[in-house]
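[1] Sequence and computational prediction follow.
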Amino acid sequence: MPATCDVLVIGVASLDVLHLIGQTVSAPGGAGLYTALAAQRAGAHAGLFAPRPEPLPDPLKPAADRLIWIGPAVSPDRLPRLEIAHHGGGRATLIDAAWGAESALTPDLLPPDLLGASIVHVAALSTAERQLRFAQACRARGAARISAGIYARSIMAEPDQARALFEAVDLFFMNENEAHLLFGSIDAARTRSGHTLFVTLGAQGALVIEGDGVTHIPGRPAHELDPTGAGDTLCGTVLAGLARGEDAVIAAQAGIALAAEMIGEIGPARLLR
């Protein structure tokens, strides 16, 4: 495993309970884990800065084998755990979130060189304020490009911090509902020069917004079994493409294709092959 990476993801790995149509299952999860695995699956050397349980639970071993996983060691019982209900059509509800050892993840523990990553992504965390502190720390460490995602809950609880996070980074990922919460409407979403916004639209694909320019990328036919992490899969794939110099629209097309494949299996299984 290389000592440096192309994409470094700051976030968490979790063990989740998923209420799917007709069944309830357990699976590895976490926005950080999905994003890093997708970047790796898309050809990047991917790093994950997240609490690392010791000993490592069996469900997380395949992911750990593929990623440069750094971060504070924690006991397995402190691993974050999410409970998510899926309603079909890409709609989901976060029923419960036990963030556990996320609190052990602090900006001062980041490696000074950020593992040499050309893009650092701050995945959705428990609060927008925590994400903003990480983005600021990465900028202070000289990160060339910083990316972030967010949860709807964070926008509703901390609208000012969510807006500040959006302004502090170079790339931003969100879904349609989150865009409505942050901007009032998707039509109102605009970016400054050099800043790119990606808005996922479920089965309808995604928008790539650069300044006043908006490009719609159609969705791909898919069998939706478990849509958990679909947006994070698009995100990680895009980051891998951008890290190797691809255009944002081309990278997003690849992200939509991989996300359409990933949701046909439970958890991140498709990303682990």
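    Received, thanks. Numbering: from 1, shown residues only.
[2] what's downstream of the helix or strand bottoming out on mean pLDDT in the chain, the next helix or strand?
    Here the helix or strand of the chain ranked lowest by mean pLDDT, DSSP states H and E is strand 91-98, holding a mean of 84. Per DSSP states H and E, strand 91-98 leads on to strand 119-122 as the next helix or strand towards the C-terminus.
[3] Just give the number of residues close to the residue lying closest to Arg141 once chain neighbours are set aside.
    Spatially, and ignoring its direct neighbours in sequence, Arg141 is nearest to Leu114 (5.6 Å; C-beta to C-beta, 6 or more residues apart in numbering). Glycine gets a C-beta too; all of them are placed from N, C-alpha and C. Leu114 is flanked by 23 other residues according to other C-beta atoms under 10 Å.
[4] Distance of Leu114 relative to Ala152?
    For Leu114, the distance to Ala152 equals 28 Å [C-beta to C-beta, to the nearest Å].
[5] try Phe198
    16 Å.
[6] can you check Arg41 too?
    As for Arg41, its distance to Ala152 is 26 Å (criterion: C-beta to C-beta).
[7] next one: Pro57
    Pro57 sits 28 Å away from Ala152, going by C-beta to C-beta.
[8] and Leu114, what does it touch?
    8, 120, 138, 141-143 (C-beta atoms under 8 Å, 6 or more residues apart in numbering).
[9] Would you point out the most distant pair within those residues?
    Using C-beta to C-beta, the contacts of Leu114 span at most 12.7 Å, a distance reached by Leu8 and Gly142.
[10] if you count what's nearby, which of these two comes out ahead?
    The residue with more neighbours, out of Leu8 and Gly142, is Leu8; 30 against 9, by other C-beta under 10 Å.
[11] neighbour-wise, which of Arg41 and Ala152 wins?
    The neighbour count for Arg41 versus Ala152, taken as other C-beta under 10 Å, is higher for Arg41 (22 against 18).
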